[in-house]
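K.L.:
Any chance you could fold what I've pasted below:
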Amino acid sequence: MGFSSFAQVKSLKVQVTTAPKQRLDSIIQTETLFYKELGQESVVNHIDKTFYLYDSLNAPIESILYDNGYEKVEEWRGTKYLKEHDALGRDTVIYEYEFRNKMFDWRLKGKTVYSYLKNTGKYAAYTSYSRNNSWEEEKTNEWNERSMVEFKYDQHDSLIEKTSYSWSYGSQEKRPNNRDVYQYDHKNKVLHSVFYFWDRVAKDWQPNFKKDIYFNQKWHEINGIQHTWDAKSKTWEKNQKHEYLYNTSGKRTEEKYYFFDSKTAAYFTTGNNSYVYDKAGNVTAEISTNYSWTTKELTSKSKHECVYDSLHNMITSNYYNWNLSKNVWELSSESHSAYDPTMRGNLVIMPFHSNYKLLSSHSVSYSNGVKKSASEYKYYYSNL
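P.N.:
As a prediction, the model looks like this:
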C-alpha cells in the first residue's frame with residue numbers, strides 16, 4: 001500500500017442522529033492459523049469470546065473472556081472479572097475467576113482491593129490477593145496477600161511517591177520492592193524521577209536509575225537523559241537519552257534514542273522514529289529504525305501506514321518490515337475496520353478508543369510473504 005491510496009478514501013457525509021445509547025455486549029474473535037506440519041499444510045481455528053455485564057446504572061461490572069486454546073481437541077478456558085463499586089462509582093474490589101470446562105465451574109482465583117484518599121479521591125493503595133490453587137471448594141476461603149502498591153501526593157495532588165511491596169510467605173511479612181519518586185515544575189510536568197530498589201542486606205532503599213526531562217517554551221518534551229547508579233563509586237553514570245522534534249502544529253515528527261558507550265565516552269544512536277500526519281492531524285505513517293547488534297548499524301526497520309475516513313476512524317492499518325537482503329519493504333500484517341458513522345459517543349464501552357461504533361475488523365499476518373494467520377473481530381451491542 002502506497003500513499004496514493006490515502007487520497008482514494010471518499011469523504012463520509014453522515015447526519016449523526018439522536019440514536020439511543022448503546023453498550024458493548026460482546027466481542028467474538030475467530031483466528032485461523034496456517035502452518036506446515038510434517039510437510040503438510042495444517043489449519044487450526046482459535047476462538048476468543050469476550051462478554052460484558054453491567055449493573056442497574058449501566059456501569060461495567062463484569063467481563064468474561066473465553067478461548068478454546070489451540071489444541072485440536074476443543075477445551076474452553078476462561079477468565080472473568082467482577083467489580084464492586086463505591087457510592088462514587090469507583091472500583092473497590094475486582095475479583096478474578098478462572099474457568100475450564102473440564103471442571104464445569106468458575107473458580108475464584110484472586111482479587112485486588114482499592115482504597116482512596118478521602119480529601120482528593122485519588123488512589124491511596126491497592127492490594128492483590130490470591131486463593132489456594134486447589135479446585136476444592138472448602139479451601140477457597142483462604143486469601144493470600146501477593147502484593148501491594150502505595151501512593152503519596154503533594155499539595156497539588158501530584159503523585160510524588162509510588163512504593164510496591166510483595167508478601168513473603170516464608171517470613172510472613174510485607175517486603176518492600178521498588179520505590180519511584182517524582183518532582184514537578186510549576187506546570188505540573190515531571191522534571192525529575194528517581195527509581196529505587198530495596199536492598200534486603202542493607203535493609204534500606206538504594207538508587208537504581210534516574211531520569212531528567214526537559215521541555216521547550218511550548219512545554220513539549222524535547223529531551224530526556226537517564227543515569228544509572230554506580231554503587232561502588234557512589235555516583236550517577238550516563239546511560240541513555242532521547243530527543244524529540246515537533247512540527248509547527250505541535251505534533252511530534254521525530255524521536256531519536258541514544259545509548260552511552262562508557263568505552264568511547266560518547267553516545268551512539270540506537271533508534272529513530274519518524275511520523276507523518278495528514279491535514280486533519282492523523283498519523284498516516286510511522287517509520288522506526290533500530291540499532292542491530294548483529295550488523296552494528298541502524299539496519300532494523302519497520303513501518304506502519306494508516307488510512308482514515310473523514311470522521312478520523314482508522315479503517316486500514318498495515319505493518320511492514322524491511323528485508324535487508326532484498327532491500328525492500330515486506331508486508332507483515334494488514335487490517336481493515338468498519339464503523340457505524342451514525343453512532344458517535346453513545347457507547348458505554350468504547351473498543352479501541354474509537355469515537356464511533358466499531359462493527360468489525362479483519363487482519364492478516366505474514367512471514368516472509370507467506371500468510372500465517374487471519375483474524376476476524378465482530379462487535380455486538382444492545383440499546384440501553
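
K.L.:
and the residue lying closest to residue 269 once chain neighbours are set aside, what does it touch?
P.N.:
The shortest distance from residue 269 to any non-neighbouring residue, by C-beta to C-beta, 6 or more residues apart in numbering, is to residue 258 (5.7 Å). C-betas here are computed from N, CA, C, even on glycine. Contacts for residue 258 (C-beta atoms under 8 Å, 6 or more residues apart in numbering) come out as 240, 241, 242, 243, 267, 268, 269, 270.

K.L.:
Okay, helices next: where are they in the stretch 1-150 of the chain?
P.N.:
For the stretch 1-150 of the chain, applying DSSP state H, counting those that start in this stretch gives no helices.

K.L.:
Okay, now the unreliable bits of it?
P.N.:
For the stretch 1-150 of the chain, residues meeting the criterion pLDDT under 70 lie at 1-19, 35-42, 69-76, 100-104, 132-141.

K.L.:
To what extent is the nearest residue to residue 200 once chain neighbours are set aside buried, counted in neighbours?
P.N.:
Using C-beta to C-beta, 6+ apart and skipping residues adjacent in sequence, the residue nearest residue 200 is residue 175, 7.4 Å away. Residue 175 is flanked by 12 other residues according to other C-beta atoms under 10 Å.

K.L.:
was I right about residue 175 contacting residue 198?
P.N.:
Yes - the pair residue 175 / residue 198 is scored as a contact, 7.0 Å apart, by C-beta atoms under 8 Å.

K.L.:
shared neighbours of the two, anything?
P.N.:
Listed contacts common to residue 175 and residue 198 are nil; contacts here mean C-beta under 8 Å, 6+ apart.

K.L.:
any idea of the mean pLDDT for stretch 164-176?
P.N.:
For stretch 164-176, the mean per-residue pLDDT is 88.

K.L.:
tell me how far it is from the chain's mean position?
P.N.:
Centroid separation between stretch 164-176 and its chain, computed with C-alpha atoms, centre = their mean, to the nearest Å, is 28 Å.

K.L.:
and that stretch, which residues are buried?
P.N.:
Buried residues in stretch 164-176, counted by 16 or more other C-beta atoms under 10 Å: 165, 166, 167, 176.

K.L.:
for stretch 114-125, same thing?
P.N.:
Residues 114, 116, 123 are the ones in stretch 114-125 that count as buried (16+ other C-beta under 10 Å).

K.L.:
Name whatever forms a beta bridge with the first one.
P.N.:
Taking DSSP bridges, one finds residue 126 as the beta-bridge partners of residue 114.

K.L.:
Touching, it and residue 121? I think so.
P.N.:
No - distance between residue 114 and residue 121: 11.4 Å, which falls outside the contact criterion (C-beta under 8 Å).

K.L.:
Which residues are in contact with each of the two?
P.N.:
Common contacts of residue 114 and residue 121 (C-beta under 8 Å, 6+ apart): residue 90.

K.L.:
returning to that earlier point: looking at the buried residues of stretch 114-125, spot the one nearest residue 262.
P.N.:
In terms of C-beta to C-beta, no member of these lies closer to residue 262 than residue 123, at 38.9 Å.

K.L.:
and stretch 307-319, C-alpha only, in PDB?
P.N.:
Presented in PDB, the C-alpha positions along stretch 307-319 are these (Å, rounded to 0.1, in the frame of the first residue of the first chain):
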ATOM      1  CA  VAL A 307      -5.800   5.300   6.300                       C
ATOM      2  CA  TYR A 308      -8.600   7.200   8.000                       C
ATOM      3  CA  ASP A 309     -12.100   8.100   6.900                       C
ATOM      4  CA  SER A 310     -13.300  11.700   7.100                       C
ATOM      5  CA  LEU A 311     -14.600  11.000  10.700                       C
ATOM      6  CA  HIS A 312     -11.000  10.200  11.800                       C
ATOM      7  CA  ASN A 313     -11.700   6.500  12.200                       C
ATOM      8  CA  MET A 314      -8.700   4.300  11.300                       C
ATOM      9  CA  ILE A 315     -10.000   2.000   8.500                       C
ATOM     10  CA  THR A 316      -6.800   0.500   7.300                       C
ATOM     11  CA  SER A 317      -3.600  -0.300   9.200                       C
ATOM     12  CA  ASN A 318      -0.600  -2.000   7.600                       C
ATOM     13  CA  TYR A 319       2.700  -3.000   9.100                       C
END
